[in-house]
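Colleague: what's the 3D shape of this:
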Amino acid sequence: MDFELQWLLWALPLAFALGWVASRLDVRQWRRDQKDSPKVYYKGLNFLLNEEHDKAIDAFIEAVQQDPDTSDLHFALGNLFRRRGEYERAVRVHQHLLGRADLPKDDRVRAQHALAQDYMKAGLFDRAEDAYKALAGTAFDTESRLALLDLHERAREWESAVEIARQLESSGTGSFASRIAHYQCELALEADAAHQTEVADAAIAAAREVAPRDARPLLLAGERAAARGDHAEALRLWNTLMSVQPASFNLVARRYAASAKAAGKVGSALERLRSLYEKAPTIDLLETIAALESDPEARQGLLLSHLREHPTLAAAQALLASRTAAGPGTDGSPPATATLPAEDATAVRHAVRRAAKPLHRYRCAACGFEAEHYFWQCPGCLGWDTYPPRRLEDQ
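Modeller: Below you'll find the predicted structure:
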């Protein structure tokens, strides 16, 4: 009994000492790990700043392996993968974070948002839509709705886009009246293509109600009136467009002239066009006025005057075409190109027309994308109303 008690007295201090040594070793190892982890992290950060993305990824992977519970390292690694276009790896990182039961609520929302961005960049729009919808009511609510709006625009889901835009507007994000008007105009075009006239009428009415001074609803309403033969109504709508959005009238000037001829209102149309031309002369207005002007000499005088004040290739082309079509003057004088052989005169007109063609384009003010036709939404940057309604030569 005494022997066992003696060993017990010796064993207790020894066990305590061994435990203390083991704890010190664990603390040292922990300190060493904690000391090494920031080094690896800052090493990766340095690589990132130097745009050495491959080395940065390797460093962050090493840091994550040393400290797998650190969410910030996972976010840094996932964002790096997404920036490099390695979307599958980025998705796995953020899904791993969402799978952790101990992840704080804020980090879980952050991971959900990062996962939605991964899907968006990867072109997995259905998954991106579900991921963004899951962010409703969170700190990323507004950002997620804006992303959903972009998704619906890409998919041409205009009714859903209208709903999201109204939600954003009601939440105080800003005014989306013009965007909603564009969506309604797109719905009207789709309805007309499907011969659903009443649906198209309702969409145009909604567009004009939400944005009464915007150009597109008025322009489109006038086009639809002219298409059904109601040229008086088309002129009325386009006269309103001329008053509220005079710059955008250039887009419909030639069709305005056609409706004026059909409605027998050439005189009043010419008066309005001349008044607008004096305030903002453009080649579209010039050619429209020339098309309505019945007197060849007055028409050529107008073109020549514009060419003198605005020496552009488009004006020169219009004047050459007008004089050639007019033939000899009233006094028997030959047309401007008559001093050249017929083949040479044709070559001159062709050269001027070819040189002027690039300047007949429209250019997006946001991204610089050029197009021969006017776009309400830029095909390049997908921005709305980014094209000035004037051709390059008139700017």
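Colleague: not counting sequence-adjacent ones, nearest residue to A247?
Modeller: P389 (5.2 Å; CB to CB, 6 or more residues apart in numbering). The C-beta positions use only the backbone N, C-alpha and C, and glycine is treated the same way.
Colleague: identify the residues contacting the one you found.
Modeller: 215, 247-248, 250-251, 362, 374 (CB atoms under 8 Å, 6 or more residues apart in numbering).
Colleague: which one among those residues gets closest to S175?
Modeller: A215 (16.4 Å; CB to CB).
Colleague: surely the closest one meets Q245?
Modeller: Yes. With contacts counted by CB atoms under 8 Å, A215 reaches Q245, the gap being 4.1 Å.
Colleague: could you check which of the two is surrounded by more residues?
Modeller: Legend: neighbour count by other CB atoms under 10 Å for A215 and Q245, higher for A215 (22 against 17).
Colleague: dihedrals phi and psi, the more buried one?
Modeller: Note on A215: its backbone torsions stand at phi -70, psi -40 [degrees, to the nearest 10].
Colleague: contacts only, for the nearest residue to it once chain neighbours are set aside.
Modeller: Using CB to CB, 6+ apart and skipping the chain neighbours, the partner closest in space to A215 is S248 (3.6 Å). Applying CB under 8 Å, 6+ apart to S248 gives the contacts 215, 219, 241, 389.
Colleague: doesn't S248 lie inside a strand?
Modeller: No. With DSSP: H, G, I helix; E, B strand; the rest coil as the criterion, S248 is assigned helix and is not in a strand.
Colleague: now it: how far from A207?
Modeller: 14 Å (CB to CB, to the nearest Å).
Colleague: got it, and R391?
Modeller: R391 is 26 Å from A207, by CB to CB.
Colleague: quick one, which of these two is more surrounded?
Modeller: Neighbour count, other CB under 10 Å: between R391 and A207, A207 has more, with 27 against 21.
Colleague: verify the stated contact: the more buried one with L218.
Modeller: No. With contact defined as CB under 8 Å, A207 does not count as touching L218 (9.3 Å).
Colleague: ok, back up a step: look at the residue nearest to A247 and tell me its secondary structure.
Modeller: Following three-state DSSP, we place P389 in the coil state.
Colleague: could you report the distance from it to R361?
Modeller: For P389 relative to R361 (CB to CB), the value is 13 Å.
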